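Student: sequence first, then the predicted structure:
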Amino acid sequence: MTLDDHTAQLLDARLAAAQRASRAPSATTAVIADGEVVWAGAVGHVTGRPDGGKATPTTQYRIGSITKTFTSVLTLRLVDDGRVALTDPVAEHLPELADRLPGVRVSELLTHGAGLPSETEGAWWERSSGRNWPELQPSIRALHRPGRRFHYSNVGFAVAGELVARLRNSTWWDALHAEVLTPLGLRDTTYAPTASAAPGLAVHPYADLLHDEPATDTLAMAPAGQLWSTVHDLAAFAAFLVRGDSRVLSDALRTEMQVPALVDDTPGAPYTRAYGFGLDIVNLGGRRLIGHGGSMPGHQSALRIDPETGDGVVQLVNSTAGLDLSTADLLDILRAQHPRVSPAWVADPHAADDEHLVGTWFWGPRPHLLTRDGDHLVLTPQGGGRGSRFAPTGDGWIGLDEYFASERLTAHGGTPGRPAYLDLGTFRFTRAPYDPAGDIPGGAGTGWR
């Protein structure tokens, strides 16, 4: 897709207005459509002064906790390689943690469900000299029962990074560079700032004064928030998250990253945010976006992408206070100006194969409509109930969504090409309510009366 000049001007104006209203030294943003960058803009001077260099989409910023998504991919590669299982106790691989993390599983490190503290003991790690693994040990302690609640933990991702380093006999950074950054071509994503990096700055809330923020080497905490990057590199990473690359991670684990594991339960607020494996999953009025936000002193970042459409936004700013610019607003501008055009309808080449399956089926008295959508079957309850999409297997179909995820759908009985009933995880669906030919569990009774 190529944006017209008017849409680009709307995006430029929205970014410029946000930078001025937020009094941010500089900011850069990229908009992604169908997995590709269609617009990238930048505004401001990297030093916050008129004599400083102007920001461009190639300016590097610190991305903070977006680093956690990279660490999660790196950890899941261990699972792909059979080096670790998600259900393994962490202490099985890091025995020095046996007394402090009893029962904590690898998966719980990646979902903020390990019950670990949010921050480290002692000096605030983001603004102080980094500590090595032995020095981090006092901070690795249980606050909550594992697996019971979402409690955001920078410490937990430091543990995940050490797990990678230990099992790869490497450093976290060397493993990340070799196994993720290089295959994906992310040459501008680095451990330390490059010459093109914007300095970390804070802006006085009431006066046009600037304050230098430190660019620390966080050492053992690096897997939680160390990296520097650009909007183009992060856009390419976002595209990987939704489109995949088997050189980096299997599609099965990549999509499992996007499954909500724990809900961010904020009292008095609706459930709009959950966490998967190193990924925020946010629900904005039914539109699901995945990604992560990040902050380190002097920098804020955001990455959000729709896994269904490949539309997304990356934002970077060198201001501790951040940028008042909603990723959803930019996506709305994109699609208001460039509506998504549905592909033309054509006859389904599989229609003859599943004519006997599609149509209305009943679970008890409740009608459900079974249709085909591409390679999938779609079960839609009529008037409430449970539905799902199903992918073909050798001898049936497998559920893809929620209640029926990984449950099997098979056809039974009747005559060739005319099954009498469907079995879906022991639920029986018949062509008529309580059809005796459907082998109803408990029997069909004496019929309607």
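Tutor: Done, it's in. Since the model is a prediction, treat every value here as computed from it, not as a measurement. Numbering: from 1, shown residues only.

Student: A437 touches G414, doesn't it?
Tutor: Yes: applying C-beta atoms under 8 Å, one finds A437 in contact with G414, separated by 7.0 Å. (Glycine included, C-beta is placed from N, CA and C.)

Student: show me whatever sits in contact with both of these two.
Tutor: Jointly contacting A437 and G414 under the rule C-beta atoms under 8 Å, 6 or more residues apart in numbering are 420-421.

Student: which stretches in the stretch 1-150 of the chain count as helices?
Tutor: Ranges of helices within the stretch 1-150 of the chain are 5-22, 66-80, 106-110, 133-136, based on DSSP state H, counting those that start in this stretch.

Student: redo those as CSV? Include mean neighbour count and mean pLDDT.
Tutor: What follows is these, written out as CSV (neighbours: other C-beta atoms under 10 Å; pLDDT from 0 to 100):
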stretch, mean neighbour count, mean pLDDT
helix 5-22, 16, 97
helix 66-80, 25, 98
helix 106-110, 25, 98
helix 133-136, 15, 97
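
Student: quick check: which of those helices is nearest to T59?
Tutor: Nearest to T59 among the helices of the stretch 1-150 of the chain is helix 5-22; the distance by C-beta to C-beta comes to 13.1 Å.

Student: circling back to that earlier point, out of the helices of the stretch 1-150 of the chain, which comes closest to G374?
Tutor: The closest of those to G374 is helix 66-80. By C-beta to C-beta, the value is 27.1 Å.

Student: render the CA-only coordinates of that closest one in PDB, please.
Tutor: What follows is helix 66-80, C-alpha atoms only, in PDB (Å, rounded to 0.1, in the frame of the first residue of the first chain):
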ATOM      1  CA  ILE A  66       9.900  -3.900  24.500                       C
ATOM      2  CA  THR A  67      13.200  -5.700  25.200                       C
ATOM      3  CA  LYS A  68      11.000  -8.200  27.200                       C
ATOM      4  CA  THR A  69       9.300  -9.400  24.000                       C
ATOM      5  CA  PHE A  70      12.700 -10.100  22.400                       C
ATOM      6  CA  THR A  71      13.700 -12.000  25.600                       C
ATOM      7  CA  SER A  72      10.500 -14.000  25.400                       C
ATOM      8  CA  VAL A  73      11.200 -15.000  21.800                       C
ATOM      9  CA  LEU A  74      14.800 -16.000  22.800                       C
ATOM     10  CA  THR A  75      13.500 -18.100  25.700                       C
ATOM     11  CA  LEU A  76      10.900 -19.800  23.500                       C
ATOM     12  CA  ARG A  77      13.600 -20.800  21.100                       C
ATOM     13  CA  LEU A  78      15.000 -23.000  23.900                       C
ATOM     14  CA  VAL A  79      11.600 -24.700  23.900                       C
ATOM     15  CA  ASP A  80      11.700 -25.100  20.100                       C
END
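
Student: any residues touching stretch 153-162, and which ones?
Tutor: Identification of contacts with stretch 153-162 by C-beta under 8 Å, 6+ apart yields 65, 67-68, 71-72, 74-75, 90, 94, 97, 101, 106, 108-110, 112, 114, 116-120, 125, 133, 136, 139-140, 172, 220-225, 278.

Student: quick one: it to chain centroid distance?
Tutor: Averaging C-alpha positions (C-alpha atoms, centre = their mean, to the nearest Å) puts stretch 153-162 18 Å from its chain's average.

Student: could you do stretch 223-237 as well?
Tutor: 14 Å.

Student: that stretch spans what distance, first to last residue?
Tutor: Terminal residues of stretch 223-237 are spaced 16 Å apart (C-alpha to C-alpha, to the nearest Å).

Student: kindly report the same for stretch 36-51.
Tutor: So stretch 36-51: terminal residues 34 Å apart, C-alpha to C-alpha.

Student: how far away is F404 from R428?
Tutor: Noted for F404: a distance of 14 Å to R428, by C-beta to C-beta, to the nearest Å.

Student: no wait, G48
Tutor: On the measure of C-beta to C-beta, G48 and R428 end up 67 Å apart.

Student: which SS class is R166?
Tutor: Here R166 is recorded as helix under DSSP: H, G, I helix; E, B strand; the rest coil.

Student: that concludes my questions; thank you for your assistance.
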